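K.L.:
A structural model of the following input is requested.
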Amino acid sequence: MVSRDQYTGQYTGPKVAGVLVTVAETKGSAPREAGATMWVTDTGAEGTIGGGNLEYQAIQQARKLLADTEKTRIAQTYPLGPLLEQCCGGSVVLTLEKMNADRARASRDAALHERVRYPLYMFGAGHVGKAVYAALKPLPFNVYWVDAREDEFPPVTEPHVITDHASDPVDVVKNAVAQALYLIFTHSHQLDYEITKAVLARGDALYCGLIGSKTKRARFENRLLRETAVGESALSVLTCPIGVPGVNGKEPEIIAASVAAELLQRRKSQDQKG
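P.N.:
Predicted coordinates for the structure are as follows:
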């Protein structure tokens, strides 16, 4: 049997051998977009190209390729309706390529970088901040996460998440990119206020999510107007309480799920406006 290190020139041993499955092209309705990937080994799979029979067939095909001593890469078209009996009705072109785990990870990271990502500034790394970070990790946002307490940040390895414990949060807002989204849940109501004021004063925020109750919102609005920090029209971008309506619960994980859904809704609405 041919040694698998001849397939890539980088293969370091049988435990890291696998096949990277990539959605190369889609036509019509499909369960995942082009660029979605899945890593398949003899014993498992990581990631998803949409589930269902398509994914099952892709895993089987990947393992056949892994056992093949001649081929290193194949491409195959799957008509979703006629062949796989999936209701999407379109078709998907998959590429399957043998490689080691390091190369596959680099390929998947590159694919993630190519996704359209939206700028999100997040203030606060307490229990809610950590839960929101966990919910946002796989989602299409470039997150700039600010908290003066360096020890509060969990280990962060995602290239689209940057942590900052040194900068003044208000300066971060003033220097933020245009058309960004903001989440505010610091350890201080006064700091929450100063950040909220800076965000609303910019006039270009697509979303300003402030943790708290309707009472907190009313107090902030009254203070902002009393200090003439912002005009009344600027208050329309403020969301407080945060999260989609109807999702109740004060547990950080529930708040995080609700906020992630709200952010996705806001971006979809903005995309539809063009």
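K.L.:
can you tell me the helix or strand for residue 257?
P.N.:
For residue 257, the host element (DSSP states H and E) is helix 252-273.
K.L.:
packing partners of that helix?
P.N.:
Counting contacts by 3 or more C-beta pairs under 8 Å, 6 or more residues apart in numbering; DSSP states H and E, helix 252-273 is packed against helix 127-136, strand 181-184, strand 207-210. Yep, even glycine has a C-beta here, placed from its N, CA and C like the rest.
K.L.:
hey, which of those is tucked in deepest?
P.N.:
Highest mean neighbour count of those: strand 181-184, a mean of 26 (counted as mean count of other C-beta atoms under 10 Å).
K.L.:
strand partners of that strand, parallel vs antiparallel please.
P.N.:
Taking DSSP bridges as the criterion, strand 181-184 sits next to strand 118-123 (parallel), strand 207-210 (parallel) in its sheet.
K.L.:
what's the helix holding residue 257 in contact with?
P.N.:
With contact meaning C-beta atoms under 8 Å, 6 or more residues apart in numbering, helix 252-273 is reached by 118, 120, 127-128, 130-132, 134-136, 139-141, 181, 183, 206-207, 209, 211, 239, 242-244, 247-249.
K.L.:
keeping just the C-alphas, turn it into CSV.
P.N.:
Only the C-alpha atoms of helix 252-273 are listed here, as CSV (Å, rounded to 0.1, in the frame of the first residue of the first chain):
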residue,chain,number,x,y,z
PRO,A,252,-26.1,34.3,30.1
GLU,A,253,-26.5,31.5,27.6
ILE,A,254,-30.1,32.4,26.9
ILE,A,255,-29.2,36.1,26.6
ALA,A,256,-26.4,35.1,24.2
ALA,A,257,-28.6,33.0,22.0
SER,A,258,-31.2,35.7,21.8
VAL,A,259,-28.7,38.4,21.0
ALA,A,260,-27.0,36.4,18.3
ALA,A,261,-30.4,35.9,16.6
GLU,A,262,-31.1,39.6,16.9
LEU,A,263,-27.7,40.5,15.3
LEU,A,264,-28.3,38.2,12.4
GLN,A,265,-31.8,39.7,11.9
ARG,A,266,-30.4,43.2,11.9
ARG,A,267,-27.7,42.3,9.4
LYS,A,268,-30.2,40.5,7.1
SER,A,269,-32.4,43.6,7.2
GLN,A,270,-29.5,45.8,6.3
ASP,A,271,-28.4,43.5,3.5
GLN,A,272,-31.9,43.6,2.0
LYS,A,273,-31.8,47.4,2.0
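K.L.:
what comes up buried for that helix?
P.N.:
252, 255, 256, 257, 258, 259, 260, 262, 263, 264, 266, 267 (16 or more other C-beta atoms under 10 Å).
K.L.:
adding distance to residue 17 and pLDDT, write those residues out as JSON lines.
P.N.:
Shown next, in JSON lines, are the buried residues of helix 252-273 (distance: C-beta to C-beta, whole Å; pLDDT from 0 to 100):
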{"residue": "252", "distance to residue 17": "39", "pLDDT": "94"}
{"residue": "255", "distance to residue 17": "41", "pLDDT": "95"}
{"residue": "256", "distance to residue 17": "36", "pLDDT": "95"}
{"residue": "257", "distance to residue 17": "36", "pLDDT": "95"}
{"residue": "258", "distance to residue 17": "41", "pLDDT": "95"}
{"residue": "259", "distance to residue 17": "40", "pLDDT": "96"}
{"residue": "260", "distance to residue 17": "35", "pLDDT": "95"}
{"residue": "262", "distance to residue 17": "42", "pLDDT": "94"}
{"residue": "263", "distance to residue 17": "38", "pLDDT": "94"}
{"residue": "264", "distance to residue 17": "36", "pLDDT": "92"}
{"residue": "266", "distance to residue 17": "42", "pLDDT": "87"}
{"residue": "267", "distance to residue 17": "38", "pLDDT": "83"}
